[in-house]
Each structure stands twice: as C-alpha cells, then as structure tokens.
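Asker: Curious how this folds, go ahead:
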Amino acid sequence: MDTAIVILNWNGLHFMKRFLPVLKADTPKENFFIVVADNGSTDGSVDWLKAEHPDVQLIEFDKNYGFTEGYNRAFREIEADYYILLNSDVEVTPGWAETLINFMEDNPDAGICQPKILSEANRDTFEYAGAAGGFIDHFGYPFCRGRILSNIEKDHGQYDEEEEIFWAAGACMVVRASLYHHLGGLDDLFFAHMEEIDFCWRAKLLGFQVWAVPQAKIYHVGGGTLPNNSPRKLYYNYRNNLLMLYKNLPGNVRWRIITIRKFMDFLSAMVYLVTFKWSWCKAVFKAHRDYRKLKKVEDHSVFSEEFNDIGHLRGSILHKFFLSGKKLTFDQLRFK
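Answerer: Below you'll find the predicted structure:
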C-alpha cells in the first residue's frame, strides 16, 4: 500500500530546513514517498529543494492557490493508496507514519485519522489546532481533546487512547485516496481554515469514521502561514464556519442554527468594537458579507439526514467554557 506524504509549501523555506531532514529520517523508505507541492513561493524554497533534496518529488504551481486548491491540484498528480497532508512546520517522531497507516489498514471503516499533536515550542503541551482530536458543538464551534477554546492542556497521557472524533487536523491528516477523490477533495471555496472540518463532516455523512491515533505523535509550530491573532485568519474562520454549517447541516435545523450563529457572531463583533479592535470587528462583518456570496455558488447537498454524529456536542461549548471560569477540560464534557 503506497502512501504519499504531501507538504503544501508557501514561503516555508525556514521550516523545511528545520523539519524536512527529520521527516526523511523518520519515514520508512518502503511504501512511503514524500512530495512537496509548492504554492508559488518566492523565498527560494524551490531552488533549495532541488539542490539539497533532489530525491523529494516536487510539484510547482504558478501562484498561491491556498490550502484547499493547492492540495487538490497536487493530488490530481499523485497516485497512492493513502494521502498524508502534512504542514511544513511539523516535526515528526519515529514510527509516526507506520502507526497511522497500520491503523487505517486494520480499520476499514476509518476514512480519516490524525496523530497526537503537541506544541513544538512547549513540548509537553497540546497544540491548539488539532491536539488529540477534533470535536464540534451544536452551533459549529470546534474544540479538541486537550484544547477547549483558549484553555490548552498539558499532555499527561490522559488522551492516549484511540478515539473516534468529529474532525482531524489539516496539520497532519491521513485520508484514503479513494475517499479524497470521491468527495471531490477539499472545498476550494474555503481557501484556508475550517476546510478539514468540512471535509471530515462530508466523509461522516457518507458513513466513514474519523479517528485520533495518539500512539503516533508529532510536534506542530502552528500559525506558520497566518498568525493566530491575525484579522485575516479571523475572517476565514468566521466565513468558512458559516459556509460549513450551510453545506452540512440537515435542512430541518440548518436555518435555526445559522441564525443563532449569526447573532453570536454579531455579539463577538461588538466586543471587538468596544475594545477598539477595529480590524477584527471589520473582519467579522466582511466574513458574513462574503459568506452570503459564497453560499449562492456552493453546490449544497446533504448526503444523509442520519449520520454518525460521534464527536458532536449537544450544547454550546461557549456556555460550558465560560460557566467553568475558562477552566473547562475535555474530560469534563458529556456528549449525550
């Protein structure tokens, strides 16, 4: 079974100099191969790869197509049984790839999985984007085993069991190639952010499972393309979250949930306004404006009114978080 480990690079030369040698050292030579798909970098990434790592397959694009279309274009040119989407700012560990692929081979109902994701800077702490597996609440807010909103836990082995989840992190996500192409890949309209949650949701609507496999471990820098406090990142998160809800919620609840979310987003924008964060406030309103445009061109289809909703919290994570005094941890949640 061939596995393609694909890094989508955009001006990530500094990360690849740090982490590509580690990736090559900790990835088996047999049945695995590494591909770098370059999204029109201008930092010398391509020349460095050709000179220093000629054994790494290189796909060059003429411009930055974003996370979604960049990966979709790359996978049209790559033949494999499994794809591993891997950020350039990730440090892998020995055995990581074999562990993930062996899990997929042993679990045919699993369409997607992810490893345990720890912070590269604080190595005993979960990383914000993905941690030990992604979940979602009733209103579309994502959270993780090991990270509830701003509360990030230290890793004490408390989430070392394999667990079925709602979404896997795009920082390191394994997907069956057949499923990737059946779903039409990542949604190009998203460009970046929330696209992996939408992708996993669509896979679940088809009956596939998504899993966290913490026996495989990686360290993620995070914020490599857009800083976590960027108004532009906020814009993509708000816009794409609404688009994701519109696409995937069943018709009998879609408009009610989206209406509530719009109101909650408005309250959020008002908080930014009164705290003089003008750019953040503007980003929220721009996100809603552009969502209205995008939903008109999105081919909306719900595959099933009934689906495997494991990883879906029946309630508001915001309410639970603030009620706890911002100290809520994942193991305190009840999903039923």
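Asker: Span of stretch 83-99 from start to end?
Answerer: Distance across stretch 83-99, first residue to last, is 14 Å (Cα to Cα, to the nearest Å).
Asker: for the record, mean pLDDT for it?
Answerer: Across stretch 83-99, the average pLDDT comes to 97.
Asker: next one: it to chain centre, how far?
Answerer: 14 Å (Cα atoms, centre = their mean, to the nearest Å).
Asker: Now it: buried residues?
Answerer: Neighbour-count burial for stretch 83-99 flags 83-93, 96-99 (criterion: 16 or more other Cβ atoms under 10 Å). C-beta here means a position set from N, CA and C on the backbone, and glycine is covered the same way.
Asker: do the same with stretch 51-59
Answerer: 53, 56-59.
Asker: Switch the residues you listed over to a markdown table; also include secondary structure and pLDDT.
Answerer: Shown next, in a markdown table, are the buried residues of stretch 51-59 (DSSP: H, G, I helix; E, B strand; the rest coil; pLDDT from 0 to 100):
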| residue | secondary structure | pLDDT |
| --- | --- | --- |
| His53 | coil | 97 |
| Val56 | coil | 97 |
| Gln57 | strand | 97 |
| Leu58 | strand | 98 |
| Ile59 | strand | 98 |
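Asker: Pick the one among these closest to Thr42.
Answerer: Leu58 (15.8 Å; Cβ to Cβ).
Asker: what about the closest one, distance to Ser45?
Answerer: Distance of Leu58 to Ser45, computed by Cβ to Cβ, to the nearest Å: 10 Å.
Asker: joint contacts of those two?
Answerer: 36, 38 (Cβ atoms under 8 Å, 6 or more residues apart in numbering).
Asker: Any idea how many residues pack against Asn252?
Answerer: Neighbourhood size, Asn252 [other Cβ atoms under 10 Å]: 8.
Asker: wait, I meant Asp290
Answerer: By other Cβ under 10 Å, neighbour count at Asp290 equals 18.
Asker: Excluding residues flanking it in the chain, which one is nearest it?
Answerer: Nearest residue to Asp290, sequence neighbours excluded (Cβ to Cβ, 6 or more residues apart in numbering): Arg239, at 5.3 Å.
Asker: can you point me to the longest strand in the protein?
Answerer: strand 209-220 (DSSP state E).
Asker: neighbouring strands for that strand, and are they parallel or not?
Answerer: strand 90-92 (antiparallel), strand 110-119 (parallel), strand 163-165 (antiparallel) (DSSP bridges).
Asker: Go through those and name the closest to Phe75.
Answerer: strand 110-119 (14.2 Å).
Asker: so after that closest one, what's the next helix or strand?
Answerer: strand 134-136 (DSSP states H and E).
Asker: Provide the contact partners of that following strand at residue level.
Answerer: 114, 142-145, 165-169, 197, 200, 311-313, 330.
Asker: top of those by neighbour count?
Answerer: Gln114 (32 neighbours).
Asker: Grab the nearest non-local neighbour of that one.
Answerer: Ala168 (3.7 Å).
Asker: now Asp109
Answerer: Nearest one to Asp109, counting by Cβ to Cβ, 6+ apart, is Gln209 at 5.0 Å.
Asker: measure that neighbour to Asp155 for me?
Answerer: 24 Å.
Asker: repeat for Phe166
Answerer: 20 Å.
Asker: go on, Cys144?
Answerer: 12 Å.
Asker: can you pull out the helices in the stretch 201-336 of the chain?
Answerer: Here the stretch 201-336 of the chain has its helices, by DSSP state H, counting those that start in this stretch, at 231-248, 254-274, 278-297, 317-323.
Asker: so which of the ones you listed comes closest to His138?
Answerer: Comparing the helices of the stretch 201-336 of the chain by Cβ to Cβ, helix 254-274 comes nearest, at 7.2 Å.
Asker: which residues of the stretch 151-300 of the chain score low on pLDDT?
Answerer: 223-229, 297-300 (pLDDT under 70).
Asker: wait, doesn't the residue nearest to Asp290 sit right on Ala287?
Answerer: Yes - under the criterion of Cβ atoms under 8 Å, Arg239 makes contact with Ala287 at 3.8 Å.
Asker: quick one, which of those two is more surrounded?
Answerer: Arg239 (26 against 21).
Asker: Mind picking the one among the buried residues of stretch 51-59 that's closest to Leu8?
Answerer: So of the buried residues of stretch 51-59, ranked by how close each gets to Leu8 (Cβ to Cβ), first place is Ile59, at 9.4 Å.
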